[in-house]
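Trainee: Got a sequence here, can you build the structure:
(one chain, ligands or ions: 1)
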Amino acid sequence: MKAAITGIEAYAPEYILTNQELETMVDTTDEWITTRTGIKERHILKGKGLGTSDMAVKAVEGLLKKTNTSPDEVDLLICATVTPDMLFPATANIICDKANIKNAFSYDLNAACSGFTYALITASKFIESGTYKKIIVVGADKMSSIVDYTDRQTCIIFGDAAGAVLLEPSSNGYGIIDSILRSDGFGKVHLHQKAGGSVKPSSHETVDNKEHFVFQEGQAVFKFAVTHMADVSVEIMEKNGLKSEDIAYLVPHQANMRIIDATARRMGLEREKVMINIQRYGNTTNGTIPMCLYEWEDKLKAGDNIILAAFGGGFTWGAIYLKWAYNGKK
Ligand code: UT7
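Mentor: Here you go, the predicted model:
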């Protein structure tokens, strides 16, 4: 028995923050952002009192509808996020409450930008073991809530979005075939949020020092991202005897166009076989991979060999090999 994605839905908030608007906020240019990252615009969740769960619920409700699933049927919901509504309760609990999912247990999973891949594999094990039949995996982040819009090194990168997939048992060979997931906490020094955790609880001082925002040493992270994401993607191909011509699509985490291109090159894939929407959404952390799958859904066919690849804070990284389970848009 395999675990297959049987539906996908995503949501990006209405407001679009363009490179031109960023030019009026910090010392940057559209040209710099475009050539260094590939990003042109990103969606931002505006509105007081709205958080990650509000975007996630839109994706989850759409997913339930398009897959004809009653909220009562859902066994488990896992939410991958680094921007939970609150430190506790888990955003997954809040999503279930808002989406009227009453018979499930739910929890959050934090693996930074690799969270969606970690959550998908975690969920797949509950399906493969025969324990559960319907699991929703959400990847959602309101990155604008932890981005310093006076810091040109980070504010140009991130955006807000949510995606959700339904995972169900499949006995026809389609579904998740293999995965390689890794982490190395040494990466903490290069990418983290300094305050608000148990080591450095929030205080006037931490707010004054802007320690509740994303801290990233871009170049160092780039160096690891570009090698690790490509290495693990090639490793999963070799492990499963896949050649570049066997692969329908690479679905890479959307952190930087240069990292995506380097990974595709190492895998021997043309641009047409790579899902890229970074130009319109930026880096939405846990939202990137489901946002891509959602936008490409109508092009996908049952049996397509797909590789998901991610790299993020931690460091965390990994690749998943799956056979897509249905034709076109649901
Ligand atoms: O998703 C989680 C994992 N994260 C990643 O994978 C991100 C990996 N890192 C990156 O994508 C890139 O390192 C960045 C996009 C963050 C930065 O690009 P870079 O090519 O590594 O630039 P840099 O940090 O080396 O900066 C080059 C120059 C510097 O100026 P000097 O020192 O050469 O005079 C920066 O101060 O560009 C300057 N700079 C900017 N200039 C205009 C930095 N940010 C900006 C900006 N606009 N927004």
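Trainee: Up against the ligand, what does the stretch 1-150 of the chain have?
Mentor: Residues of the stretch 1-150 of the chain lying close to the ligand (CB under 6 Å from any ligand atom) are 28, 32-33, 36-37, 113. In this view, the C-beta of every residue, glycine as well, is placed from N, C-alpha and C.
Trainee: which residues touch the closest residue to residue 19 other than its chain neighbours?
Mentor: Nearest residue to residue 19, sequence neighbours excluded (CB to CB, 6 or more residues apart in numbering): residue 30, at 3.9 Å. Counting by CB atoms under 8 Å, 6 or more residues apart in numbering, residue 30 touches 19-20, 23, 40.
Trainee: Report the buried residues of stretch 316-330.
Mentor: Counting neighbours by 16 or more other CB atoms under 10 Å, one finds that the buried residues in stretch 316-330 are 316-326, 330.
Trainee: Let's have those residues in JSON lines, adding secondary structure.
Mentor: As requested, those are arranged in JSON lines below (DSSP: H, G, I helix; E, B strand; the rest coil):
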{"residue": "316", "secondary structure": "strand"}
{"residue": "317", "secondary structure": "strand"}
{"residue": "318", "secondary structure": "strand"}
{"residue": "319", "secondary structure": "strand"}
{"residue": "320", "secondary structure": "strand"}
{"residue": "321", "secondary structure": "strand"}
{"residue": "322", "secondary structure": "strand"}
{"residue": "323", "secondary structure": "strand"}
{"residue": "324", "secondary structure": "coil"}
{"residue": "325", "secondary structure": "coil"}
{"residue": "326", "secondary structure": "coil"}
{"residue": "330", "secondary structure": "coil"}
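Trainee: need these in CSV with pLDDT and distance to residue 292, can you?
Mentor: Putting the buried residues of stretch 316-330 into CSV (pLDDT from 0 to 100; distance: CB to CB, whole Å) gives the following:
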residue, pLDDT, distance to residue 292
316, 98, 18
317, 98, 17
318, 98, 16
319, 98, 14
320, 98, 13
321, 98, 16
322, 98, 13
323, 98, 17
324, 98, 13
325, 98, 17
326, 97, 17
330, 80, 16
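Trainee: Most widely separated two among the contacts of residue 30?
Mentor: Maximum pairwise distance among the contacts of residue 30 (CB to CB): 12.3 Å, between 23 and 40.
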